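Asks: Could you look at this predicted model? Sequence included:
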Amino acid sequence: MSLVNTFVGMAIDWKRKKPILGNITGGLSGPAIKPLALRIVWQVARAVKVPIIGIGGIATIDDAMEFFLAGASAVQIGTANFYRPTAAVDIVEQLPAALATIGATSVAEIVGSLGKG
């Protein structure tokens, strides 16, 4: 199960009394949605026992680790690819050291472990 993607948002030019986006509403993604995505992953992971792919605002190893602790078994990098094309490679390379920092050797050991130990 993958959680989440973009949220629908809008922007208004109040001086012209018009929407800024051509379709009035549009997708909001990237760092702005990370807190929402983390909460949803955490809530769903507590409710179901299926692997979850965390999506939404992941750009760094810290972001990925937060999603793992919240209950994601894997993560997907989206918006960060536009401004830092090496984001996914950077996270993969930094993962072993991040896991070691908290005494783990695999992602599976930490999935859903928020508040434990």
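Replies: Nice, thanks for sending it over.
Asks: separation between the most centrally placed residue in the chain and Ala32?
Replies: Residue closest to the average C-alpha location in the chain (CA atoms, centre = their mean): Gly56, at 3.4 Å. As for Gly56, its distance to Ala32 is 9 Å (criterion: CB to CB, to the nearest Å). Glycine gets a C-beta too; all of them are placed from N, C-alpha and C.
Asks: can you check Val4 too?
Replies: Per CB to CB, Val4 is found 12 Å from Ala32.
Asks: Counting neighbours around each, name which of the two comes out higher.
Replies: Neighbours were tallied for Val4 and for Ala32 using other CB atoms under 10 Å; the higher tally belongs to Val4 (18 against 14).
Asks: thought the more buried one was touching Ile53?
Replies: No. Val4 is beyond contact range of Ile53, at 10.1 Å (criterion: CB atoms under 8 Å).
Asks: Mind listing residues that contact stretch 66-82?
Replies: Residues from elsewhere that reach stretch 66-82, judged by CB atoms under 8 Å, 6 or more residues apart in numbering: 2-3, 5, 29-31, 37-38, 41-42, 44-46, 51-59, 63-64, 87-88, 91, 107-108, 110-114.
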